[in-house]
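> What would the 3D arrangement of this be:
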Amino acid sequence: MLTPSPLKVLADINVSIQFQTSLGRPYSEMSCETLGEIRFADGQSEGNYTTDGMSTTLGTLTLSPTRDNNTVIVYCTASNVGPQFNTSKVIIDVLCM
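Numbers count the residues shown, from 1 in each chain. The predicted structure is shown next:
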């Protein structure tokens, strides 16, 4: 994931954050979580893709942050047959209009 941290977003405007696993086999299962309260606009969606015989999972988390959500931390966990891996944590920096 190459999302800058903190991620600057505007209050009350939906924002989507994408997380992607590295290539491997089989597909990974991914779940996203937050440390702190935040409104989920559409929750999360997940898709699996294959490149040159290797698989990757792409997850999208759509949030609707308010000014009270400043400094909420978002991250995803991915696992397949091995251990679980966490993405780097993204800090949401909510800007007021």
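> from what I can see His21 touches Thr57, true?
If you look again at residue 21, you'll see it is Thr, not His. Yes - look at Thr21 against Thr57 with C-beta atoms under 8 Å: they come within range, at 4.6 Å. C-betas here are computed from N, CA, C, even on glycine.
> And the strands in the protein?
Counting by DSSP state E, the chain has strands at residues 7-10, 15-20, 29-35, 40-51, 54-63, 72-79, 85-86, 90-95.
> mean pLDDT lowest for which of those?
Between the strands of the chain, the one with the least mean pLDDT is strand 40-51; it has a mean of 68.
> Distance check, the nearest residue to Pro65 once chain neighbours are set aside against Pro26.
Spatial nearest neighbour of Pro65, excluding adjacent residues (C-beta to C-beta, 6 or more residues apart in numbering): Val94 at 4.9 Å. Distance, Val94 to Pro26, by C-beta to C-beta, to the nearest Å: 37 Å.
> more crowded one of those two?
Val94 (23 against 10; other C-beta atoms under 10 Å).
> which ones are touching that one?
Taking C-beta atoms under 8 Å, 6 or more residues apart in numbering, we find Val94 in contact with Val9, Leu10, Ala11, Pro65, Thr66, Arg67, Asn69, Asn70.
> Hmm, Val72 and the fourth one touching each other?
Yes - using C-beta under 8 Å, Pro65 makes contact with Val72 at a distance of 7.1 Å.
> Of the two, which one has the most company?
Pro65 (24 against 19).
> now the more buried one: how far from Cys32?
Taking C-beta to C-beta, one finds Pro65 at 14 Å from Cys32.
> Equivalent analysis for Asn86, please.
Distance check for Asn86 against Cys32: by C-beta to C-beta, it reads 10 Å.
> Overlap in contacts, those two.
Contact criterion C-beta under 8 Å, 6+ apart; residues shared by Asn86 and Cys32: Tyr75, Cys76, Thr77.
> Of those, which is the most crowded?
Each of those was scored for neighbours by other C-beta under 10 Å, and Cys76 scores highest at 26 neighbours.
> residues contacting that residue?
The contact partners of Cys76, taken as C-beta under 8 Å, 6+ apart, are Met1, Phe19, Met30, Ser31, Cys32, Glu33, Gly59, Leu61, Asn86, Thr87.
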